[in-house]
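> Make a model of this:
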Amino acid sequence: MRILLISLCLLGTAHAQIFPLENDSAFVRYQEGLPATEPFDTAQPWEKADGLYQYIVSSNDLYDLFGYNQYRHFEGFDFKKYHILGVQTCSKCQLVCRLTGQPLQCHADRCNYSWVWMVRENDRAFTLIPSLTLESDKHDTLSNAVRRNYRDTVLERPGEEKRKIWYTSAGGDCHAKFSYAVLQDKYFPVFLLKEWNFYGGCRAGGSWEFTIQFNQPDKSRQYVKRTILMDRWTRD
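Just a heads-up that it's a prediction; the model follows:
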């Protein structure tokens with residue numbers, strides 16, 4: 001019995017044993033070397049992670065979240081095929097509650113959360129949701145009110161419960177172009193909006209507002225936006 005208890009304790013030190021994959025067929029491996037606690041970028045200690053799920057889908061995300069040093073360590077990472085997902089988990093919940101068959105947060109003391117990072121395969125992780133992208137109507141009262149929030153907002157289309165409108169803003173040079181896709185994570189309760197920001201070659205800056213319309217199959221979802229910086233727009 002003592003040997004069993006020691007073995008269980010040792011399991012708590014390895015992410016691969018304590019974090020539930022829940023049949024996540026997109027999982028490739030755990031990514032070591034990324035911060036388990038905040039702030040992720042020690043040069044900016046006031047910055048906190050926004051949301052429960054941190055998607056790293058491009059080198060731009062690495063730089064924004066972790067700073068230049070971590071950005072350099074991942075120069076060879078293939079973001080076309082993979083992404084990195086960070087999730088907060090309590091190791092004691094994973095070790096005690098799941099091994100005993102009890103619900104999460106079963107232990108008496110307070111949960112101690114840390115970030116766990118995993119590499120996942122893009123094609124297996126996401127389902128592309130059909131969507132329609134339009135430039136926001138600057139004369140629309142609702143659109144103007146949303147823009148004053150200075151952050152993305154997702155609302156229901158009036159009279160259509162499952163129809164969603166994702167209001168988002170984009171910034172770049174004056175000739176920049178933008179493309180959007182709405183992705184549903186198959187294993188985590190997240191809708192991911194990918195924005196491809198194409199460099200336009202203009203010295204002046206510009207900003208735009210867009211509305212992305214799509215049907216949402218269920219309500220238990222969170223919304224995450226990530227921007228991918230691209231070279232000049234080229235026609236195939």
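
> all helices for the chain, in order.
Per DSSP state H, the chain carries helices over the ranges 2-11, 15-18, 59-66, 68-73, 91-92, 98-100, 122-125, 141-147.

> ok, of those, where does mean pLDDT dip lowest?
For the helices of the chain, the weakest mean pLDDT is recorded on helix 2-11, namely a mean of 36.

> what about the closest residue to Trp208 other than its chain neighbours, how many residues close to it?
Spatial nearest neighbour of Trp208, chain neighbours left out: Ala170 (4.9 Å); criterion: Cβ to Cβ, 6 or more residues apart in numbering. C-beta coordinates here come from the backbone N, C-alpha and C atoms, glycine included. Ala170 has 17 neighbours, counted by other Cβ atoms under 10 Å.

> for the one 3 residues further on, same thing?
Using other Cβ under 10 Å as the criterion, Asp173 is surrounded by 15 other residues.

> Show me the contact partners of stretch 216-231.
Identification of contacts with stretch 216-231 by Cβ atoms under 8 Å, 6 or more residues apart in numbering yields 51-53, 55, 57-58, 60-61, 129, 152, 154, 162-164, 166, 168, 170, 184, 189-199.

> So which of those are in strands?
53, 55, 129, 154, 162-164, 166, 168, 170, 184, 190-198 (DSSP state E).

> ok, back up a step: just the buried ones among the contacts of stretch 216-231, please.
Neighbour-count burial (16 or more other Cβ atoms under 10 Å) is assigned, among the contacts of stretch 216-231, to 53, 55, 57-58, 60-61, 129, 154, 164, 166, 168, 170, 184, 190-195, 197-198.

> for the residue nearest to Arg124 when sequence neighbours are not counted, what are its contacts?
Excluding the flanking residues, the one nearest Arg124 by Cβ to Cβ, 6+ apart is Ala26, at 3.8 Å. Taking Cβ under 8 Å, 6+ apart, we find Ala26 in contact with Arg120, Glu121, Asn122, Arg124, Ala125, Lys186, Tyr187.

> mind putting those residues in CSV, distance to Lys80 and neighbour count included?
CSV is the format used below for the contacts of Ala26 (distance: Cβ to Cβ, whole Å; neighbours: other Cβ atoms under 10 Å):
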residue, distance to Lys80, neighbour count
Arg120, 13, 23
Glu121, 11, 15
Asn122, 8, 15
Arg124, 14, 13
Ala125, 13, 24
Lys186, 19, 14
Tyr187, 20, 17
